[in-house]
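Q: fold the stuff below for me.
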Amino acid sequence: MHVEHLLTDHSLGLRPLWAQDAALLAREISGVTVTDLEDPARFVRPGEVVLSGLVWWAPGKAERFVSALKEAGAAALFAGEETHGGVPEELVEACARHGVPVAGVPAHIMFRAITDTVYLRQWGELSRRQALPETARVRLSRLLAQEAGPVQILGAAFGHLDRTAAYVFTPSGRTVAAVRSRCPKAAPRI
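A: Residues are numbered from 1 along each chain as shown. The predicted structure follows:
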């Protein structure tokens, strides 16, 4: 997934504010970080899209924030428009100086929608590249066809891995299923 894919996804409603270079738009996205720190560099990994509600922003602070994003290798900044009624021009200018694509995130768009879009697309790309062995894919497909429950599916998918925990939650946060793989000090729990 590239920066351009997110900017052209009409369901997200992002407003591109600066990203003139085609090479910047073609940057591969490795993940998403949400931050409102004035200096987010140590929490941003190369290739990540940074989502910020701009709670940190005040006149004169944009340069520090954007230079930290550039130093960390951020792919783009998606700035929430709710806190300040828009994205401050000073921030857009700093992004242009440092070559960091920037887009406004309308107040009605949740950061979660952007995060989900990135990670769902990445999982789709992984499955197309056959990151999951064919035998595992067949076994999980059979379980789904047999209308297996979440506990069975999690157990089949993750039960064989050492020191792994997997959970299925409802939107309200209630745990529907949990699997903790065998650890030397603990028995498996389902």
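
Q: CA atoms for contacts and neighbours, from now on please.
A: Fine.

Q: and G104, its phi and psi?
A: phi -90, psi 140 (degrees, to the nearest 10).

Q: residues touching it, list them.
A: L14, R15, P16, L17, F78, A79, G80, E81, G86, V87 (CA atoms under 8 Å, 6 or more residues apart in numbering).

Q: list buried members of the residues you listed by neighbour count.
A: Buried residues within the contacts of G104, counting neighbours by 16 or more other CA atoms under 10 Å: L14, R15, P16, L17, F78, A79, G80, E81, V87.

Q: export the residues you listed to CSV and tack on pLDDT and distance to V44?
A: Converted to CSV, those look like this (pLDDT from 0 to 100; distance: CA to CA, whole Å):
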residue, pLDDT, distance to V44
L14, 96, 21
R15, 95, 22
P16, 96, 21
L17, 96, 21
F78, 98, 14
A79, 98, 15
G80, 97, 18
E81, 97, 21
V87, 98, 21
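
Q: one step back: which among the contacts of G104 gets closest to A157?
A: Distances from A157 to the contacts of G104, taken as CA to CA, are shortest for F78 (34.0 Å).

Q: any idea which helix or strand carries the closest one?
A: Taking DSSP states H and E as the definition, one finds F78 inside strand 76-80.

Q: strands of this structure, residue ranges please.
A: Assigned by DSSP state E, the chain shows strands spanning 15-18, 31-34, 48-52, 76-80, 102-105, 165-169, 175-180.

Q: partner strands of the fifth one and their direction?
A: Neighbouring strands of strand 102-105 in its sheet, by DSSP bridges, are strand 15-18 (antiparallel), strand 76-80 (parallel).

Q: what mean pLDDT does it have?
A: Mean pLDDT, computed over strand 102-105, is 97.

Q: just the CA trace of that strand, in PDB.
A: C-alpha atoms of strand 102-105 as PDB (Å, rounded to 0.1, in the frame of the first residue of the first chain):
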ATOM      1  CA  VAL A 102       0.400  16.000   4.600                       C
ATOM      2  CA  ALA A 103      -3.300  15.600   4.400                       C
ATOM      3  CA  GLY A 104      -6.200  16.800   6.600                       C
ATOM      4  CA  VAL A 105      -8.500  14.300   8.300                       C
END
